[in-house]
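*Asks:* Sequence and computational prediction follow.
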Amino acid sequence: MRRLLILLLLLAGPASAEDLWNGRTAAFFGLTFIDTSTEGALNGKRADEAERIERAERQAADAFAAHGVELLDLAPVAEDLARIRNPATCGGCELRMARALGADYAVVGEVQKVSNLILAMNLYVKEVSTGRQIRGQAVDIRGNTDESWQRGMRYILERNIFR
């Protein structure tokens with residue numbers, strides 16, 4: 001009897017990480033770039049940083065797709081989204097928009113540039129039905145380069161989101 005109970009507990013154990021993702025849908029609201037550096041205040045936006053944001057967003061989107069998550073088209077909420085400066089800090093608007101899209105998850109992120117040496121990258125996944133954050137991580141990256149941004153996003157995805 002005891003062996004049967006142990007076997008049942010093992011079979012009913014926690015769902016695998018793939019069960020969390022495969023066949024689910026997500027509203028990915030992208031990454032918001034926040035430049036608090038002196039350089040940004042003096043010189044404005046830089047094309048290379050805009051390109052890095054796009055590459056990091058593609059990197060995250062590709063990883064979600066590779067794990068069986070369908071990223072939903074944001075067009076139905078585009079008007080609402082255009083009025084929001086940062087979906088990661090909008091007081092739950094990301095959940096409202098994701099719910100309107102019928103998504104299982106809302107995914108938001110930020111990259112904050114303190115200087116060309118110090119940047120912080122964040123990515124968070126929230127379950128729409130409960131509003132609960134199920135995954136998320138912030139990492140500091142050193143150096144404002146293509147390689148450092150790619151490495152920062154890869155770390156978040158591999159070590160937290162899809163662990």
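*Replies:* The structure has been received and is ready for your questions.

*Asks:* buried sites along stretch 144-154?
*Replies:* Within stretch 144-154, the residues that count as buried by 16 or more other Cβ atoms under 10 Å are 144, 148-149, 151-153. The C-beta positions use only the backbone N, C-alpha and C, and glycine is treated the same way.

*Asks:* same thing with stretch 124-135?
*Replies:* Buried residues in stretch 124-135 (16+ other Cβ under 10 Å): 124-128, 135.

*Asks:* Run through this structure and note the low-pLDDT ranges.
*Replies:* Residue ranges of the chain with pLDDT under 70: 1-18.

*Asks:* ok, which stretches of it are strands?
*Replies:* Under the criterion DSSP state E, strands of the chain are mapped to 25-35, 70-71, 105-113, 118-127, 133-142.

*Asks:* so who does the spatially most central residue of the chain touch?
*Replies:* For the chain, the residue whose C-alpha lies nearest the mean C-alpha position (Cα atoms, centre = their mean) is residue 123; its distance is 3.6 Å. Counting by Cβ atoms under 8 Å, 6 or more residues apart in numbering, residue 123 touches 31, 60, 107-109, 136-137, 153, 156-157, 160-161.

*Asks:* Residue 92: which of the buried residues of stretch 144-154 is nearest?
*Replies:* The closest of the buried residues of stretch 144-154 to residue 92 turns out to be residue 153 (Cβ to Cβ; 24.7 Å).

*Asks:* And that closest one, how close does it get to residue 60?
*Replies:* Residue 153 sits 6 Å away from residue 60, going by Cβ to Cβ, to the nearest Å.

*Asks:* Regarding this structure, what is its longest helix?
*Replies:* Counting by DSSP state H, the longest helix found in the chain is helix 47-66.

*Asks:* Now do it: distance to the chain's middle.
*Replies:* Distance, stretch centre to chain centre, for helix 47-66: 11 Å (Cα atoms, centre = their mean, to the nearest Å).

*Asks:* same question, stretch 152-163
*Replies:* Worked out by Cα atoms, centre = their mean, stretch 152-163 lies 10 Å from the chain centre.

*Asks:* Can you give me the buried ones in that stretch?
*Replies:* For stretch 152-163, a neighbour-count test (16+ other Cβ under 10 Å) marks 152-153, 156-157, 160-162 as buried.
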